[in-house]
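Chemist: My questions are about this predicted structure, shown below with the sequence.
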Amino acid sequence: MAATPEQPATTTPRRKAGRHRGEGQWAVGHHTPLNGNEQFKKDDDGLNVRTRIETIYSKRGFDSIDPDDLRGRMRWWGLYTQRRPGIDGGRTAVLEPEELDDKHFMLRVRIDGGRLTTEQLRVIGEISQEYARGTADLTDRQNVQYHWIRIEDVPAIWEKLEAVGLSTAEACGDCPRVIIGSPVAGIAADEIIDGTPAVDEIHDRYIGNQEFSNLPRKFKTAISGSPVQDVVHEINDIAFVGVVHPEHGPGFDVWVGGGLSTNPRLAERLGAWVPLDQVPDVWAGVVGVFRDYGYRRLRTRARLKFLMADWGPAKFRQVLEDEYLKHPLIDGPAPAQPSSRWRDHVGVHQQQDGRFYIGFAPRVGRVDGSTLAKIAGLAAAHGSDRLRTTVEQKMLILDVEQDQVDSLVAGLEALDFQVKPSPFRRGTMACTGIEFCKLAIVETKARGASLIDELERRLPDFDEPLTININGCPNACARIQTADIGLKGQLVLDADGKQVEGYQVHLGGALGLEAGFGRKVRGLKVTSAELPDYVERVLSRFQEQREDGERFATWAARASTESLS
């Protein structure tokens, strides 16, 4: 936190009362920064740090970086310092930032709508191999994340990315993050409406624009016209969900105020129908409300979900219409239930044009640069120039002719990418974890991969849709509260009373069908070593006790504590 001016040793009641200036909402006149983050944003816009990276830091090295840039503004260009190797989870919360910082960075490549060309994927792979020690993880927001990035290499990486139309602009920071979109937008045979033009217009008009580069906290957007509802719209700050209005035809239903972390909240409908060409204006209006009315005093209350919780959808819509749009929105219908329990598009599916798209599953999003380059080459060799990433850490290859499908599937499976994966391979996600993340307490990626192998061996006949989400800390980057089995990393005691890595268990969360947060059974924690045994045990009980056709989440909500332990 930035230093504050010295105060007198004694302060009058009036002076003390005057320090509290509401919630820091600009719209009600509270422009004085109330914490260090707000101060450094006022001192200099986060977007401006690029010039210093290119002209100073990349030339003088890590030790030349100003602390407010290092742990603040550099996020606006997708850069976070990664965790120093060798620091165990027990020290995460007690060390100072400079003690946790490694002199390498995580760099996030922004992929709006999850859309990639084979050339772009090839370049992503080449950068990984040349600058990132081979790392290139798929995230659950359709991005790619590198690790081991040196500040000296960042300008060259930007040059290579931007030459093929990619960017790291506002991939992190208190700004509009990547716009997630349906990975089958414009190609799926059952699509309600293609949101791609709105994704492109929002990106072109507003990303990298200082109009919205100083928000109270991060802002997450989702746009999808798929009946599968494939962008986890319930947990975004704003989401546009495809619907058909009985009078006006296809358009979007607007949801606002979702988010997870330590205070999870599902988004709420504004009850408004928006045509495709008005989506960017409505998006800008909602972001404007957040910028001006969002809470800036405490970082823990600075997300849009807290404002929505206090206002409710009726007041939020009224302010949006009266002060930002200057016109009323059209009332509209709610979306139907999602058309599939799996929303990741894995498998072989026919497109509108008669060709096919093929969705395949890596292990918990863990890939590498060499393999990504091979995927790009495989797609190109089978006549495709387009690929997609998904919010489930999966990938798709589009535009495959029917006579190329079997050969492409065989090529993917030779790279250990399953087109017909087990429910465990298909449904397990993991965040970055202690390997690189400064907030993490436990390992996630390797743990998730080994869990998949164990469950496939132990429960080969299990064939129900199931999600297992593994998070290294309480911040829920891997959406633990909305998984069938959510695992929140923490230190726990083993049978010998020794502190070891483990997880608090959440059971029965869901998005889409009967969306809600998982159940926390009091005291239900498992060590990392016990995890396969525990998951096998609870899934076996589910199979024994479930009613005909019952989902895991429904069973978990009614099961006894003993059955879940």
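Modeler: That came through fine.
Chemist: In terms of helices and strands, where is Met429?
Modeler: Met429 is part of strand 428-430, with elements assigned from DSSP states H and E.
Chemist: helices and strands around whatever helix or strand comes next after that strand, which ones?
Modeler: From strand 428-430 onward toward the C-terminus, using DSSP H and E, the following helix or strand is helix 445-458. Helix 445-458 makes packing contacts with helix 423-427, strand 428-430, strand 468-471, helix 531-545 when contacts are defined by 3 or more C-beta pairs under 8 Å, 6 or more residues apart in numbering; DSSP states H and E. C-betas here are computed from N, CA, C, even on glycine.
Chemist: Thr92: which of those is closest?
Modeler: Comparing these by their distance to Thr92 (C-beta to C-beta), the top pick is strand 468-471, with 13.4 Å.
Chemist: need the contact list for Arg205.
Modeler: By C-beta atoms under 8 Å, 6 or more residues apart in numbering, the contact list for Arg205 reads 280, 284.
Chemist: actually Ala380, not the one I typed
Modeler: Ala380 neighbours (C-beta under 8 Å, 6+ apart): Thr118.
Chemist: quick one: which helix or strand includes it?
Modeler: Assigned by DSSP H and E, Ala380 falls within helix 369-381.
Chemist: Which stretches in the stretch 1-150 of the chain count as strands?
Modeler: Per DSSP state E, counting those that start in this stretch, the stretch 1-150 of the chain has strands spanning 79-83, 101-109, 115-117, 137-138, 144-149. These are given in chain order.
Chemist: angle of the helix holding Ala380 against strand 144-149?
Modeler: Counting by axes from the mean of the first three to the mean of the last three C-alpha atoms, to 10 degrees, helix 369-381 lies at 150 degrees to strand 144-149.
Chemist: what's the following helix or strand after helix 369-381?
Modeler: strand 386-389.
Chemist: from the chain's centre, how far out does the first helix or strand past that next one going along the chain sit?
Modeler: If you walk from strand 386-389 toward the C-terminus, the next helix or strand you reach (DSSP H and E) is strand 395-400. Mean-position distance between strand 395-400 and its chain equals 22 Å (C-alpha atoms, centre = their mean, to the nearest Å).
Chemist: Strand 395-400 - what's its average pLDDT?
Modeler: Per-residue pLDDT over strand 395-400 has a mean of 98.
Chemist: same check, this time on stretch 425-441
Modeler: On average, stretch 425-441 scores 95.
Chemist: C-alpha coordinates for it, PDB please?
Modeler: As requested, the backbone C-alpha atoms of stretch 425-441 are provided in PDB (Å, rounded to 0.1, in the frame of the first residue of the first chain):
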ATOM      1  CA  ARG A 425     -10.900 -36.100 -17.800                       C
ATOM      2  CA  ARG A 426     -13.700 -34.000 -19.200                       C
ATOM      3  CA  GLY A 427     -15.000 -32.500 -16.000                       C
ATOM      4  CA  THR A 428     -11.800 -31.800 -13.900                       C
ATOM      5  CA  MET A 429     -10.400 -28.300 -13.900                       C
ATOM      6  CA  ALA A 430      -7.600 -26.800 -11.900                       C
ATOM      7  CA  CYS A 431      -6.200 -23.300 -11.300                       C
ATOM      8  CA  THR A 432      -2.500 -22.500 -11.500                       C
ATOM      9  CA  GLY A 433      -1.700 -23.500  -7.900                       C
ATOM     10  CA  ILE A 434       1.400 -23.200  -5.800                       C
ATOM     11  CA  GLU A 435       3.700 -23.900  -8.700                       C
ATOM     12  CA  PHE A 436       3.500 -20.300  -9.900                       C
ATOM     13  CA  CYS A 437       0.700 -18.400  -8.000                       C
ATOM     14  CA  LYS A 438       1.700 -16.100  -5.100                       C
ATOM     15  CA  LEU A 439      -1.700 -16.600  -3.500                       C
ATOM     16  CA  ALA A 440      -1.800 -20.400  -3.600                       C
ATOM     17  CA  ILE A 441      -1.400 -22.700  -0.600                       C
END
